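1. Provided below for reference: sequence and predicted model.
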Amino acid sequence: MVRHFAIDDDFLEKQNKKVVRALKQDFSALGRKLARRKIDIDKIVKKLKYFKVAVPSWGLGTGGTRFGSFPLPGQPRDVLEKLDDTATINQLTRATPLVSLHIPWDKTDDYSALKRHAKKLGLSFDAMNSNTFEDQPGQKHSYKYGSLSNAAKAVREQAVAHNLEVIDIGKKVGSKAVTVWIADGSNFPGQDSLSESFERYIESLHQIYKALPEDWTMFIEYKPFEPAFYYTVLADWGSALMASTEVGEKCKVLVDLGHHLPGTNIEAIVARLIKAGKLGGFHLNDNHYADDDLTAASIYPYRLFRIFHELIIAGKIQGRKFQLAYMIDQSHNLKDPVEALIQTAMELQNIWAKALLLDHKKLRSAQRNNDVVMAEMTLKEAFNTDTRSLTAMARREAGGAIDPVGVYRESGYRKKIAKQRAA
Ligand code: PSV
Ligand code: MN
């Protein structure tokens, strides 16, 4: 029995054929344009194929706000169906062969079956996420006043034990990392000690770190506020850098793009974390106000470009040892999540391609000469290049779709899974 609907490869090829002529024309026009800038378009296509990103399992259903959520027909009912949707996104974009699980949301009885299912779909598992920001049914101690930093030892121990369980599950599916985000903090001055809560948090991280397998990484994710409104235990990259340095070599900082106050220069944070050898990875999304979890590059594409530019510089200097975890973290209230994630994957490909086009020699020389205009124009020259034919060609060459959203819509995927998943 076919457990889920998947887009047929022949159908995909047929859809591609409809637009391939136009693509080839646009691609060769761009190729000529780039050649004038001494850039070999084929080399960029090749590099782009290495850009892979993880889909967040929690991003495949509709999220909602505290005012309500509006579920979409065909939302995944379990973690296997979340993998099915991820595989579809990957089939079309060829950018998302990874999925990031959230425990206990993705708990299942049979992790070998989950691993087998992932393998069949060509997927593997990126970082596991623990959840001590909400209480689960039957849980002994509440996280109302915090988890890893809670003043009560028993609560901290419970939160540590949960993280160890997440690592165990991760081992079963072949993950190599755990991301720890805590909601700990306080709403009112005086409610908790600013110094002691941080000490307690670090001590709990030590406990988790002790159980971390040799070849694993632990990511700690900071966030300025929400749900805590006055003070957050891990509010910023400075605190995260301090904590990760104290905890150990394999403890790295995770930068969620939505976890910064308006106006923050995220690319400068990224540059500092690279310098400290402590940048671990990203939760990619976009935001206008706070942690809005919007489609990547929907609000600030140039900011994302500048962040990617810092990563490309670091890659040039450090070579292959500069490895990061690229994960998406989004919540969808209005869009079909599969479409939104396809959009994000395409935006990431596009912005990554733009960043790859930057003329580093020209930029460095402008910087050395304090030629502000030329330096900025060099950045803009790359950013303003329309790379859509380049990324479409990379997708097509990798077996994906020239027009992923178009193929997805034409396939009737949402309607078909809605029917199957209702059954
Ligand atoms: C918190 O806002 C966060 O960014 C963390 O990554 C969580 O694990 C995720 O969102 C859950 O929604
Ligand atoms: Mn996040």
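-> Cool, got the structure. Ligands and ions are numbered 1, 2, ... in the order given.
2. what are the phi and psi angles of Thr264?
-> Phi and psi for Thr264, reported as degrees, to the nearest 10, are phi -60, psi 140.
3. what about Gly31, neighbour count?
-> By the measure other Cβ atoms under 10 Å, the count of residues near Gly31 is 18. Bear in mind the C-beta positions are built from the backbone N, C-alpha and C, glycine included.
4. in the helix or strand containing it, what's buried?
-> In the assignment (DSSP states H and E), Gly31 maps to helix 9-36. Using 16 or more other Cβ atoms under 10 Å as the test for burial, helix 9-36 gives Leu12, Gln15, Asn16, Val19, Val20, Leu23, Asp26, Phe27, Leu30, Gly31, Leu34.
5. helices or strands up against it?
-> The contact analysis (3 or more Cβ pairs under 8 Å, 6 or more residues apart in numbering; DSSP states H and E) places helix 9-36 against helix 41-48, helix 388-397, helix 404-411.
6. most packed of these?
-> helix 388-397 (a mean of 22; mean count of other Cβ atoms under 10 Å).
7. give me the contacts around that one.
-> 16, 20, 23, 26-27, 29-30, 41, 44-45, 48-49, 92-95, 346, 349-350, 353, 401-404 (Cβ atoms under 8 Å, 6 or more residues apart in numbering).
8. average pLDDT for that helix?
-> For helix 388-397, the mean pLDDT works out to 98.
9. and that helix with helix 9-36, angle?
-> 140 degrees (axes from the mean of the first three to the mean of the last three Cα atoms, to 10 degrees).
10. what helix or strand is Ile220 on?
-> strand 217-221.
11. show the average pLDDT along the strand or helix carrying Tyr209.
-> Using DSSP H and E, Tyr209 sits in helix 194-210. Helix 194-210 shows a mean pLDDT of 99.
12. how confident was the prediction at Met1?
-> Note for Met1: predicted pLDDT of 41.
13. before we move on, back to that, distance to Gln367 added to the helices and strands packed on helix 9-36, as TSV?
-> Shown next, in TSV, are these (distance: least, Cβ to Cβ, whole Å):
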stretch	distance to Gln367
helix 41-48	23
helix 388-397	27
helix 404-411	37
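14. of all those, which lies closest to ligand 1?
-> helix 404-411 (24.1 Å; Cβ to the nearest ligand atom).
15. ok, then the element right after that closest one?
-> Past helix 404-411, the next helix or strand by DSSP H and E is helix 413-422.
16. just the residues contacting that following helix, thanks.
-> With contact meaning Cβ under 8 Å, 6+ apart, helix 413-422 is reached by 4-5, 7, 72-77, 81, 84-85, 88, 336, 338.
17. could you pull up the residues touching the residue of the stretch 1-150 of the chain found nearest ligand 1?
-> Nearest residue of the stretch 1-150 of the chain to ligand 1, counting by Cβ to the nearest ligand atom: Asn129, 4.7 Å away. Counting by Cβ under 8 Å, 6+ apart, Asn129 touches Ser100, Leu101, His102, Ile103, Val166, Val178, Thr179, Trp181.
18. state the phi and psi torsions of it.
-> phi -110, psi 130.
19. give me the beta-bridge partners of it?
-> His102, Thr179 (DSSP bridges).
20. any idea how far Leu273 is from it?
-> To Leu273, Asn129 is 20 Å away according to Cβ to Cβ, to the nearest Å.
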